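1. Prediction below, plus the sequence it came from.
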Amino acid sequence: MGELSRTKATILIASLVLMWGLSWPIYKIALFYTPPILFAGMRTLLGGILLALVSLPKYKSIRFKETWKAYFISGFFNAVCFYGLQTVGLRYMPEGLFTVIVYLQPVLIGVLAWLWLGEQLSLLKVVGLVIGFVGVGIISVTSLSGHIAPIGIVLAIATAVGWAIGTVYVKRVGHSVDALWLVSFQCLIGGVVMTAVGLATESWSSITWNAPYLSGLAWGAIFGIPISWVVFFILVRSGEASKVASFTFLVPLLAILLGALFLHESLTIYLLAGLILIVLSIWLVNRTPKHTQSRTT
């Protein structure tokens, strides 16, 4: 995968899926004790501050005059749109359906990377991305009930589009900015915006400062947002955006497995069916056609 060896890429992908998969049940528990927008804003802002402190020795890599547009565009799409719209949208529809719509993202990335980056979009890759999306839909089918407001669907689609645009944009500008500072500014910008909105629309006194809340805040501020996004950007920058995105289909699968393990949520036959489709999807998207292999040998 690009500049990374297969072993390093595999380790980074596994770490990313694990961090994002763990985030779902951890945040789900924490949200019992905090308003959602404030929680999203605070964990994102704290993550940006911590990563900026770690990155201080590389302060010369900021080059703010040359790269400020990249920081703000990435912050808008990957933090404000992704976390902000997601947090608000979950108020208007069940988590399962919201997840299904948001995971249109890898499919959208495949199309955008083809249009914007010139990545190959073979029929095999398109089929693989669609199969992965269907797999996410199947594993989430047990949550497809409850009240669904049209605004919730709009926000879910906007979340997927924002995440896809942000990912492809980072791939496009990735080699001209430092990955640590890009994520730092992304988190700082998104965190400030979401915390401000949370303070304006929610109550600070509604936060219960107990162990579950503080654990969720700490997880998000360290692993769930800054470290995981650095890993994601490194992967996207070093390989095809659509191939990296295909592995994110594993995140909702892992989240449901962890929910069953720690939150006593039920497992169904849909999970196995979804798993098969997601594995098939990743194989199809990352498969190198035989005629391409013969050219490189």
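-> Cool, got the structure.
2. Now do the nearest residue to Leu267 once chain neighbours are set aside against Gly21, distance only.
-> Nearest residue to Leu267 in three dimensions, chain neighbours excluded: Ala260, at 4.8 Å (Cβ to Cβ, 6 or more residues apart in numbering). Backbone N, C-alpha and C define where each C-beta goes, glycine included. Using Cβ to Cβ, to the nearest Å, we find Ala260 at a distance of 12 Å from Gly21.
3. And the two? Which one has more around it.
-> Taking neighbours as other Cβ atoms under 10 Å, Ala260 and Gly21 compare with Gly21 leading, 21 against 15.
4. residues contacting the more buried one?
-> By Cβ atoms under 8 Å, 6 or more residues apart in numbering, the residues touching Gly21 are 250-251, 253-255, 257-258.
5. Settle this for me: the residue nearest to Leu267 is touching Leu254, isn't it.
-> No. Checked against Cβ atoms under 8 Å, the pair Ala260 and Leu254 is beyond contact range at 10.7 Å.
6. now stretch 103-111, how far from the chain's geometric center?
-> In terms of Cα atoms, centre = their mean, to the nearest Å, the centre of stretch 103-111 is set 12 Å apart from its chain centre.
7. Go through it and flag the buried ones.
-> Within stretch 103-111, the residues scored as buried using 16 or more other Cβ atoms under 10 Å are 103-111.
8. ok, so of these, who is nearest Trp68?
-> Ile109 (24.9 Å; Cβ to Cβ).
9. after the helix or strand harbouring that closest one comes which helix or strand?
-> For Ile109, the enclosing helix or strand under DSSP states H and E is helix 105-112. Downstream of helix 105-112, the first helix or strand assigned by DSSP H and E is helix 123-139.
10. in that following helix, what's buried?
-> 125-126, 128-139.
11. now the next helix or strand after it: mean pLDDT?
-> Toward the C-terminus, helix 123-139 is succeeded by helix 150-173 as the next helix or strand (DSSP H and E). Averaging pLDDT along helix 150-173 yields 90.
12. same check, this time on stretch 122-138
-> Across stretch 122-138, pLDDT averages out at 90.
13. for stretch 73-86, same thing?
-> Across stretch 73-86, pLDDT averages out at 90.
14. Now it - C-alpha only, CSV.
-> Written as CSV, here are the backbone C-alpha positions of stretch 73-86 (Å, rounded to 0.1, in the frame of the first residue of the first chain):
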residue,chain,number,x,y,z
ILE,A,73,-11.2,22.7,4.9
SER,A,74,-10.2,19.4,6.6
GLY,A,75,-11.6,20.7,9.9
PHE,A,76,-14.9,21.6,8.3
PHE,A,77,-15.5,18.3,6.5
ASN,A,78,-13.8,15.8,8.8
ALA,A,79,-14.8,17.3,12.2
VAL,A,80,-17.7,19.7,11.9
CYS,A,81,-19.6,17.8,9.3
PHE,A,82,-18.7,14.3,10.4
TYR,A,83,-18.9,14.6,14.2
GLY,A,84,-21.3,17.6,14.4
LEU,A,85,-23.9,16.4,11.9
GLN,A,86,-23.6,12.8,13.2
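15. quick one: secondary structure of His264?
-> coil (DSSP: H, G, I helix; E, B strand; the rest coil).
16. Quick check, pLDDT for it.
-> 75.
17. Begin at 392 from now on, thanks
-> Sure thing, new numbering starts at 392, so read that last one as His655.
18. neighbours of it, just the number please.
-> His655: 7 neighbours (other Cβ under 10 Å).
19. do Ala470 as well
-> Neighbours around Ala470, by other Cβ under 10 Å: 31.
20. Spatially nearest residue to it, not counting backbone neighbours?
-> Using Cβ to Cβ, 6+ apart and skipping the chain neighbours, the partner closest in space to Ala470 is Gly581 (2.2 Å).
21. thinking that neighbour is in contact with Ile464, fair?
-> No. Between Gly581 and Ile464 there is no contact under Cβ under 8 Å: 11.7 Å.
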